[in-house]
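Asker: Just a sequence and a predicted model for now, questions to come.
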Amino acid sequence: MSDSIAPPTLEDVYTAMALAIDRVEPGQQSMLLAKLSLLLAHELGDEARVLQLIEQALADL
Amino acid sequence: MRPQGCAATESLYFHYPQFAPPERDGSGADRAGVVIVGAGPVGMTAALTLARWGVPSLLLDQKSTFNDGSRAICLARQSYHIFESVGAVDAFLAKSLPYLSGRSFYRGQQILAFSMTDGPDHKYRPMYNLQQQYTEAFLYEQVARQPLIEVRWQTEVTDVQTSHGGVNLKVQDPNGPYDLAADWVLAADGARSVVRSRRGLRLHGQNFEGRYIIADIRLPRRPDGDQRPVERLALFDPDCRRGGTVLVHEQPDHIWRIDYQLRDGESEEEALQEASIRQSIAAVLADLGWTQAWELEWWSIYSANTLALDQYRDDRIFYIGDSAHIVPIFGVRGLNNGLADAQNIGWKLALVCQGLASECLLDSYSPERRGATLDVFANAGKASRFMTPQTTGWAIMRDAALSLALRHPFAGEFANPRNMTPYVYADSPIVTPDGEKEGMRPQVGAVARNVRLKTGFLSDQWGQAFTLLYFGPQAPAFSHPLLDLCVHDPHGEVGRAYAAQSGHAYLIRPDMHVAARWTHCRIEDVIVALNRSLGKSETVNVSRQEVSA
């Protein structure tokens, strides 16, 4: 019952981010993540939710 | 600072007049009702506002001429309404450069084109560029012909004491020292205010520590000729100044303002050397592709601060302009807010001096104008953090936004300079709050809407004091010495602009801000609101003598 074209999973996002972080210069890793965050926030269109998620990301570092 | 060999006020294009000190015999003491310390644009606007109401004032300035250098060059729409109110606007319109837009670039590529609010219903354009010494010269033309204003140049205040019901100043001019007693003092003596320091008061706030060189140059002709709109340019991380920001503004007389950020650790002393200035400007012009020969006019250094007094009133002394608040240049609210301070205390103090308002009215100056400063801090602080990010976090987010903006227009909006509209006095003690009134606009405390009419503008119909803008088939039948009636058909052009219905009314203050509004206007309510705006008790009985029904 496996789909021949499975939709990407969170695991694929995890992998893509790991590869992207490794692809850029160490000095640009923060900027890459910041750009991605702004793009995701813009697409999500729910700023209050993004602010909650920033708080969640800060936990347990 | 000026190029080597030039005197302090030796300009390529502006003739600085020299003003003589007062002729006195060097003895005795003097007194005045209102003393204004500082004859800059803010002090002169305060004096002219008082004079318009028939209140004399004495203006003191320690200099013998106008301010050196072009300094504050961006004048916002509401400042032109203030210049109009003091009879000076024609000279400003004839000389200044109006503009509507700006563009921002990141590493040479455009990331933002912004426009400021404009349209046929606005009497003045959103922004004008004009060198500060022209602003001072145009205001001084009015001051010099105004018999109610005396100016004493080369007159320095050395001490300030308040006593019961007055202020005692010690003053020094080339003839010697003398005592000057005043009922009221307006301290318009700038960022390094002597009045403020003699009173032991300090500005509080933040220093963003972004340092900019500001320099004026003259080009023989406009780059791109007349095709180029007057606009504000911002260059982020340009080749000529990696990691820094450059701002470019056009001024009259072929003068261009170039502001560029100094790098961390870059020595101010070296940056201010003429050779370094010339080299840095040449690099900016090369980046812009402007290849003409140019002349250096003037330069200075500036750092982005948000500093203000905790209170703008100190007994019988009022702080107006830079003596009360220092704001970052990016919101262009330094001089514009100073002019609004001058107008605000001007009409209030005039009404008090004329016995037409309660002294309590003066207590509203500080909350209204300090509120405006804090609003600037909130917005200009954002702009400053974008222009000169001070920590890793701000720098990463700024760079991320700029980088995204190359392909995603939404991110370019972070580079919008957020030039601000006038502050809304929603929490002022002298306006009448009413919550949300459905269908009514503008809100209480905001500047009333202007409308273009067949001839002139709606604002031309408003009185010097208060105006009741009333929508209905006929005018309400009453009068008050401080109230003009302005009646419009709710279905006419003005009515449409205000989304008005019959019975709607707005009480408009001398500074064009809305003091109160009603969906069903009753004379009694208007009188109560007017009294509140005059600092009189809200519960005052409506005097039938004031109402000629």
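Answerer: Cool, the structure landed.
Asker: so what pLDDT did whichever residue of chain A sits closest to chain B get?
Answerer: Residue of chain A nearest chain B, by CB to the nearest CB: A:Ala34 (3.5 Å). All C-beta spots, glycine's among them, are computed from the backbone N, C-alpha and C. Listed pLDDT for A:Ala34 reads 96.
Asker: Let me see the backbone angles for the residue of chain B found nearest chain A.
Answerer: Proximity of chain B to chain A (CB to the nearest CB) peaks at B:Ala400, 3.5 Å away. Main-chain dihedrals, B:Ala400, degrees, to the nearest 10: phi -60, psi -40.
Asker: what's the neighbour count on it?
Answerer: 22 (other CB atoms under 10 Å in any protein chain shown).
Asker: quick revisit: quick one: contacts of the helix or strand containing the residue of chain A closest to chain B?
Answerer: Per DSSP states H and E, A:Ala34 falls inside helix A:29-44. Residues from elsewhere that reach helix A:29-44 (CB atoms under 8 Å, 6 or more residues apart in numbering or on different chains): A:17, A:20-21, A:24, A:47, A:50, B:392, B:396-397, B:399-401, B:403-404, B:408, B:410-411.
Asker: Please apply the same query to stretch B:285-293.
Answerer: B:108, B:219-221, B:223, B:233, B:235, B:238-240, B:246, B:248, B:294.
Asker: if we can go back for a sec, got a list of what the residue of chain B closest to chain A touches?
Answerer: A:31, A:34-35, A:37-38.
Asker: A:Glu55 now?
Answerer: Contacts of A:Glu55 (CB under 8 Å, 6+ apart): none.
Asker: re earlier: restricted to strands, list the contacts of stretch B:285-293.
Answerer: B:233, B:235, B:246, B:248 (DSSP state E).
Asker: By neighbour count, which of the residues you listed wins?
Answerer: Using other CB under 10 Å as the neighbour criterion, B:Val246 leads those with 25 neighbours.
Asker: which residues sit in contact with that residue?
Answerer: B:234-235, B:238, B:240, B:258-261, B:284, B:287.
Asker: Tabulate the residues you listed in TSV, adding columns for pLDDT.
Answerer: As requested, those are arranged in TSV below (pLDDT from 0 to 100):
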residue	pLDDT
B:Ala234	92
B:Leu235	94
B:Pro238	93
B:Cys240	93
B:Ile258	96
B:Asp259	94
B:Tyr260	94
B:Gln261	90
B:Val284	96
B:Asp287	93
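Asker: Spell out which residues of chain A are next to chain B.
Answerer: A:30-31, A:34-35, A:37-39, A:42 (CB under 8 Å from any CB of the partner chain).
Asker: From those, keep the buried residues only.
Answerer: A:30-31, A:34-35, A:37-38 (16 or more other CB atoms under 10 Å in any protein chain shown).
Asker: low pLDDT regions in the stretch 151-300 of chain B?
Answerer: For the stretch 151-300 of chain B, the stretches flagged by pLDDT under 70 are B:208-209.
Asker: can you pull out the helices in it?
Answerer: With DSSP state H, counting those that start in this stretch as the criterion, the stretch 151-300 of chain B has helices at B:194-198, B:268-271, B:274-288.
Asker: now do chain B
Answerer: B:41-52, B:77-85, B:89-95, B:132-144, B:194-198, B:268-271, B:274-288, B:334-353, B:365-387, B:392-405, B:409-412, B:493-497, B:523-533 (DSSP state H).
Asker: Please name every helix or strand in contact with the fourth one.
Answerer: When you say that, I think you mean helix B:132-144. helix B:41-52, helix B:89-95, strand B:149-152 (3 or more CB pairs under 8 Å, 6 or more residues apart in numbering or on different chains; DSSP states H and E).
Asker: These into a markdown table, with extra columns for mean neighbour count and distance to chain A?
Answerer: Output for those, formatted as a markdown table (neighbours: other CB atoms under 10 Å in any protein chain shown; distance: least, CB to the nearest CB, whole Å):
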| stretch | mean neighbour count | distance to chain A |
| --- | --- | --- |
| helix B:41-52 | 28 | 39 |
| helix B:89-95 | 15 | 41 |
| strand B:149-152 | 20 | 52 |
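Asker: Quick one: closest of those to B:Ser11.
Answerer: helix B:89-95 (15.0 Å; CB to CB).
Asker: What mean pLDDT does that closest one get?
Answerer: For helix B:89-95, mean pLDDT rounds to 98.
Asker: go on, stretch B:443-459?
Answerer: 95.
Asker: what's the span of it from first residue to last?
Answerer: 17 Å (CA to CA, to the nearest Å).
Asker: got the contact list for it?
Answerer: So stretch B:443-459 is contacted by B:78, B:81, B:120-123, B:421-422, B:424-428, B:431-434, B:441-442, B:460, B:462, B:469, B:486, B:493-494, B:497-498, B:506, B:508, B:512-517 (CB under 8 Å, 6+ apart).
Asker: Restrict the residues you listed to the buried ones and give me that as a ChimeraX selection.
Answerer: To isolate the buried subset of the contacts of stretch B:443-459 in ChimeraX, counting by 16+ other CB under 10 Å, use the following:
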select /B:78,81,122,123,422,424,425,428,431,432,462,469,486,494,497,498,506,508,512,513,514,515,516,517
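Asker: Quickly compare the helices of the stretch 151-300 of chain B and say which is most buried.
Answerer: Comparing those by mean neighbour count (mean count of other CB atoms under 10 Å in any protein chain shown), helix B:194-198 ranks first with a mean of 20.
Asker: Next, count neighbours for the closest residue to B:Ala271 other than its chain neighbours.
Answerer: Of all residues not flanking B:Ala271 in the chain, B:Leu262 sits nearest, at 5.4 Å (CB to CB, 6 or more residues apart in numbering or on different chains). By other CB under 10 Å, 21 other residues sit near B:Leu262.
Asker: pLDDT (mean, whole number) over stretch B:492-512?
Answerer: Mean predicted lDDT for stretch B:492-512 stands at 94.
Asker: From one end of that stretch to the other, what's the distance?
Answerer: Span of stretch B:492-512 from end to end, CA to CA: 21 Å.
Asker: Next, work out how far apart the closest residue to B:Ile523 other than its chain neighbours and B:Leu485 are.
Answerer: Spatial nearest neighbour of B:Ile523, chain neighbours left out: B:Phe478 (5.1 Å); criterion: CB to CB, 6+ apart. With distances taken as CB to CB, to the nearest Å, B:Phe478 is found 8 Å from B:Leu485.
Asker: one step back: in TSV: the residues of chain A next to chain B, plus distance to B:Arg385.
Answerer: TSV is the format used below for those (distance: CB to CB, whole Å):
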residue	distance to B:Arg385
A:Ser30	17
A:Met31	16
A:Ala34	14
A:Lys35	18
A:Ser37	17
A:Leu38	16
A:Leu39	21
A:His42	20
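Asker: Which of those sits closest to B:Glu274?
Answerer: Here the nearest of those to B:Glu274, counting by CB to CB, is A:Met31; it sits at 37.3 Å.
Asker: Measure how buried B:Arg452 is and give me the count.
Answerer: Residues contacting B:Arg452 under the criterion other CB under 10 Å number 16.
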